[in-house]
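Asks: Got a sequence here, can you model it:
(2 chains)
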Amino acid sequence: MGGWMGKVLDINLSTGSVATRPLDMEMAHTFVGGRGLGARLLWDEVGPGVDPLAPENVLIFTAGPLTATGYQTSNRFSVSTKSPLTGTVLDANSGGYWGMQMKKAGYDVVIVRGKAESPVYVEIKPDGAIVHPAQHLWGQLVSATSRALGQDKNRRNVLCIGPAGENLSRIAAIMNDGERALARGGPGAVMGSKNLKAMVVEGNSKPEIVDKERYKFLLYETRKLLRASPLTSQALPEFGSVVMMNVVNNIGALPTRNHRQTQFEGAEAISGEALAEKYLVKSAACWACPIGCTRVTRTDKVEGEGPEFETTWAFGAQCGVDDLAAIIEANHLCNELGLDTISAGSTIACAMELAELGLLDSDLRFGRADLLAGTVEAMARRRDLGAELADGSRRLAEKYGRPDLSMSVKGMEMPAYDPRGMQGQGLLFATSNRGGCHMRGNMLGLEVLGLPKLIDRFQVQGKSSYVILHQNASASIDTLVVCKFANMGVADEYFARVLSAVTGVSYPAGELVKVGERVWNLERMYNLREGFTRADDTLPPRLLNEPAPAGPSKGWVCQLEPMLQEYYRARGWDGNGVPRPKKLAELGLTDLAEAIR
Amino acid sequence: MIDERIYQQFVEIGRDLYEQNMVSSHGGNLSMRLGDRVVIKRRGAQLGRLKPHDLIETGLDKNDSGVTLASTELLAHRTIYLQTPALAICHCHPRTAIAFSLSRDEIIPIDNEASYLLKKVPVIWEEFASGTPEMANNLAKALQTYKIVMLRGHGSFAIGQTLDEAFFWSSTLEEACQIMVIAKTINEPFIEYRAMSDAYAKW
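Replies: Predicted coordinates for the structure are as follows:
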């Protein structure tokens, strides 16, 4: 057996029992790993009506068949759960070292269920797992927790929550290896609800590679491609993901001041170029990654990893802030407290607009960089106004009678691309299974960067085809699990060939995309079972009704409705967005249909 | 109604194909998938001189009146769309590549660009022409693994996310074949400059 380790570790925190069982290999071949395997297991484990913060919800940590093989960027892993932020199916994935170590410990899947009576941490080794008391760690920041539990580069790796997760913030992240994040959708709150502070893992084995000669060739070719692409060999290593700030701003697609505008006059001051010039200490990389997009930055007050583009945008343009030091410090606090930076920044922006409209009694105003750090701290600790912001912008905006001011989809805050300037991105956000997210497919490549070729970003007809392809391809990459940035230099067909070489199972390029389509439809069925409908496939009214006021996207709104109708038809779904029996049969998902009948 | 921006893509790629001798006056074909619809060249239209009425829109898997006007290759295009992630198809008749397809089961380029981009292009064959279901299925199956394939003695089918991308694979293949002919004409020993090139045959 190549790629997969063949074992599932099942930890019940209510009973303290730990069990190991074989991985269902038929399921593995069909859903591959990572997000796919996680979604399939979640379908069986967590049905409708389960409160995401109840002991009945589970955390499913999954590696993919490429994780820990040494293939470029094969460091990633996922967690799947029901989201406390959105109520949808959720998976979040992360790089660093922890996922690689989990695989080396011999597990493809680690399931955590139940709830411990008091705080605990779990130590995972090749011969099983031990549940330890963690009262002494409760309340500790992420860095202190990681140090206390012996985080050691690629030998012993720690995954934990910070105070935000302990306080059940619905935008709490799970942090791994100190400063990496399983960020979106509130998985940190699920961990907190289980009284689970941390998971430590040590391993010493390696996944088998079936066709070593072919694998060696593909390693060589991938290295060549990553070195040849200016994105992966120059832009990302030199500036990190923040290199996109000026690119997206220049085309008038950078949401600004809670999406009131689509261009930010302060973009240059918070760009990747500015970050490199003023605050960069060095770049860093996840395990087995030759790209090295991670920024290590320093201000007068903090030093650490980040910020990413999305973070810089969320605390920057979205809040009308052009003070890069303040953004770096807010990012650092989020990492220490265990908060999703995109949701945190966009929720503060929502609060700023509510306050400017006189609906919220607060000093928060667009541009108030001085209030960012204090607000982040208050959110994680549920202190003062922070208690109202801790559960994201939708709940905040609803409380103050203006749900339309939450720049979210299905309750998840959208990231740094304004659909008025990128029509396809609007459709992608509206139909994303976990809410407003750029990691469920991204039109940046086609609509902005010209990867593989540039298409018209304002075109509506036919846009659904591109969105569907990228959603499916993105889901397939999330099953392997490799980094989306690698895909900027390496086409999907290479991943399919690597998967085939590693596992010995034939996955033609088209078949791997089909795996992604299967995962997408499974996730859709999960959300339908939870009661989501066509009405949830939408965008904030501002993006549909208020034209971009200035810049290259001036006059445009997102023309969602015609794209959405075309999307449903092209997906093989009915007019209500329900997959037709023929489509489910084609994907081998017929057994799911009964659940929503 | 086909968006003007989509029409322009057909016009530009069609003209390029003709001007680069990749098709005869009425040969070759282009199509795009738009959701659950297909836009394809009208039967008998000239790729080098496309007019708005030369583009036919029809269903991806459902017939309508559009099929009365669509290219005879519609079946192949539909089958490819249904069985692969393709969003655009470029079918042309690159002369040098066709010549190679008459004597080889696969074309392995020797130039740098095609080695980098294509590695290997398989040649497939059916007794009947490409309008048959058998050939359509064979083509689609091959295009699950390769982004361009040759039909022996006939021409190439390339897939991409855009027409531009599918055209790119097509012109890369023809250029690679022309370089092989020139290299053969020079008739001097080949100096291998590509590491691990033995693996191309297994691509």
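
Asks: make it CA atoms for all contacts and neighbour counts henceforth
Replies: Will do.

Asks: where along chain B do the helices fall?
Replies: B:4-19, B:74-83, B:95-101, B:112-117, B:133-145, B:163-186 (DSSP state H).

Asks: got those helices as JSON lines, with mean pLDDT columns?
Replies: As requested, those are exported to JSON lines (pLDDT from 0 to 100):
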{"stretch": "helix B:4-19", "mean pLDDT": "97"}
{"stretch": "helix B:74-83", "mean pLDDT": "96"}
{"stretch": "helix B:95-101", "mean pLDDT": "98"}
{"stretch": "helix B:112-117", "mean pLDDT": "96"}
{"stretch": "helix B:133-145", "mean pLDDT": "94"}
{"stretch": "helix B:163-186", "mean pLDDT": "98"}
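
Asks: Please name whichever of those helices is nearest to chain A.
Replies: helix B:133-145 (4.5 Å; CA to the nearest CA).

Asks: List the contacts of the closest one.
Replies: Residues outside helix B:133-145 that contact it (CA atoms under 8 Å, 6 or more residues apart in numbering or on different chains): A:493, A:508-511, B:75-77, B:79-80, B:83-84, B:122, B:124-126, B:128-130, B:149, B:158-159.

Asks: Next, the buried residues of stretch B:99-115.
Replies: B:Phe100, B:Ser101, B:Glu106, B:Ile107, B:Ile108, B:Pro109, B:Ile110, B:Asp111, B:Ala114, B:Ser115 (16 or more other CA atoms under 10 Å in any protein chain shown).

Asks: What is the neighbour count of whatever residue of chain B ends up closest to chain A?
Replies: For chain B and chain A, the shortest gap (CA to the nearest CA) falls at B:Leu34, measuring 3.9 Å. Applying other CA atoms under 10 Å in any protein chain shown, we find 24 residues neighbouring B:Leu34.

Asks: gap between it and A:Val110?
Replies: The gap separating B:Leu34 from A:Val110 is 41 Å, by CA to CA, to the nearest Å.

Asks: any residues touching whichever strand or helix holds A:Ile111, and which ones?
Replies: Element membership for A:Ile111, per DSSP states H and E: strand A:109-113. Residues outside strand A:109-113 that contact it (CA under 8 Å, 6+ apart): A:7-14, A:55-63, A:194.

Asks: Of those, which qualify as buried by neighbour count?
Replies: A:7-13, A:55, A:57-63, A:194.

Asks: Residue numbers of the stretch 351-500 of chain A in contact with chain B?
Replies: Within the stretch 351-500 of chain A, the residues that sit near chain B (CA under 8 Å from any CA of the partner chain) are A:452-453, A:455-456, A:459, A:461-466, A:469, A:493.

Asks: which residue is nearest the centroid of chain B?
Replies: Closest to where the C-alpha atoms of chain B average out (CA atoms, centre = their mean) is B:Phe157, at 2.6 Å.

Asks: returning to what we had before: and the residue of chain B closest to chain A, what are its bridge partners?
Replies: Going by DSSP bridges, B:Leu34 is paired in beta bridges with B:Arg37.

Asks: Next: B:Ile56.
Replies: B:Ile40.
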